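[1] Sequence below, structure please.
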Amino acid sequence: MDVGPAPVEVKAPSSRKRRRIEDVKPVRVPSKVSTRGKTTDTPAPATRIAKRLRHTVSTGRALAAQLATRVFALWRQDGHYYAGIVHSLQTGTKYLIKFDDDTEDQVDIAMLRRCELRVGDAVILCHGNLRGTVVDISQMESRLVGVEVDDGSDTISSNHAISDIRIASRTIQSHWKDRTLTADSIVTIIRPKPLRATLSPSGMSLMSTTSLKHKKPFAKTGFVVTLTVRNKHPEKMKDRVMLAIKHNGGTVIDDWSSIFPMEGTHSQSNKRWIASQENFKFKPKPEFEGLERVFLLADDYNQKPKFLVALALGIPCLSNEWIRDEYLDKETSSDWQPVLLPAGFSETLSARVSQLVDLDWGNCKEHLTDIMSNTVASKLFSGKTVLCLGSDLVPLPSRGGRKGGSDATQDPSRVVPWIMICMGASQVEAVTEVKFASKDLPAYDYVIVKEATDFPTDLGNDVTLAHVPWVKDCLISGRLLTLPSR
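    Alright, predicted model coming up:
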């Protein structure tokens, strides 16, 4: 008969998958990143009792385990991929996956990848939620890989069990396209996998789960800071926030244009400006090249350009209370969801509206490097062409910076064309007068003016006309609102 330790009380499972380690001092795991309800077809058991491995295992069972396909599969509760084995075909293209931590779920084949880690792969360590890079795969057959973690001050390489690793969905989408599976390539096991001893981490891995912690929680993290006009002591508060950022290893970014060069093309003696989606890319200045994630910090929601650009891109806008009041007294929490600010007050809806952001934002660098591919942000003008009409809406030429780029000191209204690009517009043109437009006004999907009082009186009904306050209200509301009356 099996002999095991006395049962211990175990908390009900959360959406964050954890690796169970027998006879190892528990390690604090970050709070779960999602509050969505569970949707698994096969829920994980509420309690488990660790069992020792039988000394004798049948040859047939061992052969089945050897032949079965190992995969990284999506765990839907937190949107990350974890290692497991394909147990059996369920319905259609769904397979029952037995994950390495003894949980299970039915996963569609489109959400499966070969369990094939490569040097250079970006991974996340389950214990400590530390982002790292695979540097050694020589022990893959033993289900161990070498992972390098850079906390901003030290670089530490150590071995980790594959079961202690998870991979961000965005990373899978961007870099694992050549590790997909077909039905013909999958080998299943009909019976449950054999009992086995819980994998124990190596000495180096134990060190990493207990002592490898970020000395600087905001290492490789950039912050753009903006304050409301209602703030009575803006400079004092900004200095305090910037000191807190630097104390925690973060980087202060003066303006979004420092990492997203807002480059366009001027013509007609600077009376016409044109830019497209291709002009907006992550091309940081040298001092910001090491950044892997960014946030906006503010004392409250506002309609300043920095805040609106972040909303349009899906970059979380957070309260500066997150770090301002804690950094000298205790360790700052890495959980940013509780300090997410409202998107703003929608005049049309007469309500404060929440931001639409990816709750796993920042768990992989692709969120930053492929910023325009963010599928969570509401791209309200996706594929549309826009004409911004009026001298106040034409971005000024850069004063010695990047050619055609945005200048942080220019009037906020001149950033509106870039906000339209961030909201998904395929091309935006800005002109001082109608005569400088590159085509007839009906050819544009939208013609935007600064205020309702700027509406031209001689335009036909075939021109879709709106103003900047309408654009801002659409962005805050997260939907296209009824067009303003002329």
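
[2] Would you agree Leu475 is in contact with Ala377?
    No: under the criterion of C-beta atoms under 8 Å, Leu475 makes no contact with Ala377, lying 10.0 Å away. For glycine as for every other residue, the C-beta is placed from the backbone atoms N, C-alpha and C.

[3] so what's in contact with those two at the same time?
    Residues within reach of Leu475 and of Ala377 at once, by C-beta atoms under 8 Å, 6 or more residues apart in numbering, are Ala312.

[4] Parallel or antiparallel, which strands does the longest strand belonging to the chain pair with?
    Looking across the chain with DSSP state E, the single longest strand is strand 80-89. As defined by DSSP bridges, the strand partners of strand 80-89 come to strand 70-75 (antiparallel), strand 94-99 (antiparallel), strand 165-168 (antiparallel).

[5] Pull out the buried residues from that strand.
    80-87, 89 (16 or more other C-beta atoms under 10 Å).

[6] from the chain's centre, how far out does that strand sit?
    Relative to its chain's centre, strand 80-89 lies at 24 Å (C-alpha atoms, centre = their mean, to the nearest Å).

[7] between the buried residues of strand 80-89, which is nearest Trp418?
    Closest approach to Trp418 among the buried residues of strand 80-89 (C-beta to C-beta): His80, at 32.5 Å.

[8] in the stretch 1-150 of the chain, which spans are strands?
    With DSSP state E, counting those that start in this stretch, the ranges of strands along the stretch 1-150 of the chain come out as 70-75, 80-89, 94-99, 104-108, 112-114, 122-125, 130-136, 144-150.

[9] In the stretch 51-200 of the chain, where is pLDDT below threshold?
    Low-confidence segments of the stretch 51-200 of the chain (pLDDT under 70): 51-66, 190-200.

[10] What ranges does the stretch 101-250 of the chain have for its helices?
    Applying DSSP state H, counting those that start in this stretch to the stretch 101-250 of the chain gives helices spanning 169-175, 203-211, 234-247.

[11] most packed of these?
    Across the helices of the stretch 101-250 of the chain, averaging neighbours per residue (mean count of other C-beta atoms under 10 Å) puts helix 169-175 on top, at a mean of 19.

[12] Can I get that one in CSV? Just the C-alpha atoms.
    Only the C-alpha atoms of helix 169-175 are listed here, as CSV (Å, rounded to 0.1, in the frame of the first residue of the first chain):
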residue,chain,number,x,y,z
SER,A,169,0.7,34.4,-24.3
ARG,A,170,2.0,37.3,-26.2
THR,A,171,5.5,35.7,-26.3
ILE,A,172,3.9,32.5,-27.6
GLN,A,173,2.1,34.4,-30.3
SER,A,174,5.2,36.3,-31.4
HIS,A,175,8.0,33.7,-31.1
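
[13] now for it, which elements pack on it?
    Packed against helix 169-175 by the contact rule (3 or more C-beta pairs under 8 Å, 6 or more residues apart in numbering; DSSP states H and E) you find strand 80-89, helix 366-369.

[14] What lies in contact with the last one?
    Contact with helix 366-369 is made by 168, 170-171, 173-175, 259, 282, 291-294, 358, 361, 374, as judged by C-beta under 8 Å, 6+ apart.

[15] you'd agree Met111 is up against Leu74?
    Yes: between Met111 and Leu74 there is a contact at 3.9 Å, judged by C-beta under 8 Å.

[16] shared neighbours of the two, anything?
    Tyr81.

[17] Endpoints of stretch 163-179, how far apart?
    18 Å (C-alpha to C-alpha, to the nearest Å).

[18] hang on, Ser258 packs against Lys285?
    Yes: counting by C-beta under 8 Å, Ser258 touches Lys285, with 5.3 Å between them.

[19] Which of the two has more residues huddled nearby?
    Ser258 (17 against 14; other C-beta atoms under 10 Å).

[20] now that one: how far from Arg131?
    Using C-beta to C-beta, to the nearest Å, one gets 22 Å for the distance from Ser258 to Arg131.

[21] For the most centrally placed residue in the chain, list the residues it contacts.
    Centroid-nearest residue in the chain, with C-alpha atoms, centre = their mean: Trp361, separated by 2.4 Å. By C-beta under 8 Å, 6+ apart, the contact list for Trp361 reads 293, 314-316, 367.

[22] please redo it, this time with the cut-off set to 7 Å
    316, 367 (C-beta atoms under 7 Å, 6 or more residues apart in numbering).
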